[in-house]
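J.: Structure of the sequence below:
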Amino acid sequence: MPPERVVVNAPVPMPAPATAATRPALATAAAHGSGRYSVQIGAYRSKGEAQRHLVSVISQLPQQLGAPDPLVAHYRHRKGRTLYRARLVGYNSRDEAARTCTWLKNQQTDCLIVAAAP
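T.: You can find the predicted model right below:
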């Protein structure tokens, strides 16, 4: 029997906004949580590293790209190694996720679009 793979999703706590200009983007994040697509910005060996990268990326996103929810997806590989996938979730269409991913790539941040499991 093959080893079991376990995925546990955990929301990432966001720091308080630093300025009034960032409040609107952070306040609307909850409205996007039910989207069908996400943008994965990395997979890390520690939860803290994934969280730090998410906070850094979200703080740089332009408002016109929306305010996705940050999510760290815990993944246990069949060989026992654990990875923490850093994702921006809540995009309602693949096009919305693609716009964010294109912007990230222009900022030298790798990413990929992930469709929600049915």
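J.: Gln60 reaches Gln107, doesn't it?
T.: Yes - proximity of Gln60 to Gln107 meets the contact threshold set by Cβ atoms under 8 Å, at 7.0 Å. The C-beta positions use only the backbone N, C-alpha and C, and glycine is treated the same way.
J.: any idea how far stretch 54-61 is from the chain center?
T.: Taking the mean of its C-alpha atoms, stretch 54-61 sits 10 Å from the chain's own mean (Cα atoms, centre = their mean, to the nearest Å).
J.: meant to ask about stretch 92-112, not that
T.: In this view, stretch 92-112 has its centroid 11 Å away from the chain centroid, taken as Cα atoms, centre = their mean.
J.: what comes up buried for stretch 80-99?
T.: Judged by neighbour count (16 or more other Cβ atoms under 10 Å), stretch 80-99 contains these buried residues: Tyr84, Arg85, Ala86, Arg87, Leu88, Val89, Gly90, Tyr91, Glu96, Ala97, Arg99.
J.: For that stretch, C-alpha coordinates in PDB please.
T.: What follows is stretch 80-99, C-alpha atoms only, in PDB (Å, rounded to 0.1, in the frame of the first residue of the first chain):
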ATOM      1  CA  GLY A  80       7.900  11.900   4.600                       C
ATOM      2  CA  ARG A  81       9.300  15.300   3.700                       C
ATOM      3  CA  THR A  82       7.000  18.200   4.500                       C
ATOM      4  CA  LEU A  83       6.500  21.200   2.300                       C
ATOM      5  CA  TYR A  84       4.500  24.400   2.900                       C
ATOM      6  CA  ARG A  85       3.000  25.800  -0.300                       C
ATOM      7  CA  ALA A  86       2.500  29.600  -0.200                       C
ATOM      8  CA  ARG A  87      -0.700  30.500  -2.100                       C
ATOM      9  CA  LEU A  88      -2.800  33.600  -2.900                       C
ATOM     10  CA  VAL A  89      -6.300  32.300  -3.000                       C
ATOM     11  CA  GLY A  90      -9.800  33.500  -3.900                       C
ATOM     12  CA  TYR A  91      -9.600  34.300  -7.600                       C
ATOM     13  CA  ASN A  92     -12.900  33.800  -9.400                       C
ATOM     14  CA  SER A  93     -11.500  33.200 -12.800                       C
ATOM     15  CA  ARG A  94      -8.300  31.900 -14.300                       C
ATOM     16  CA  ASP A  95      -7.800  35.300 -16.000                       C
ATOM     17  CA  GLU A  96      -7.800  37.100 -12.700                       C
ATOM     18  CA  ALA A  97      -5.200  34.600 -11.300                       C
ATOM     19  CA  ALA A  98      -3.200  34.900 -14.600                       C
ATOM     20  CA  ARG A  99      -3.000  38.700 -14.300                       C
END
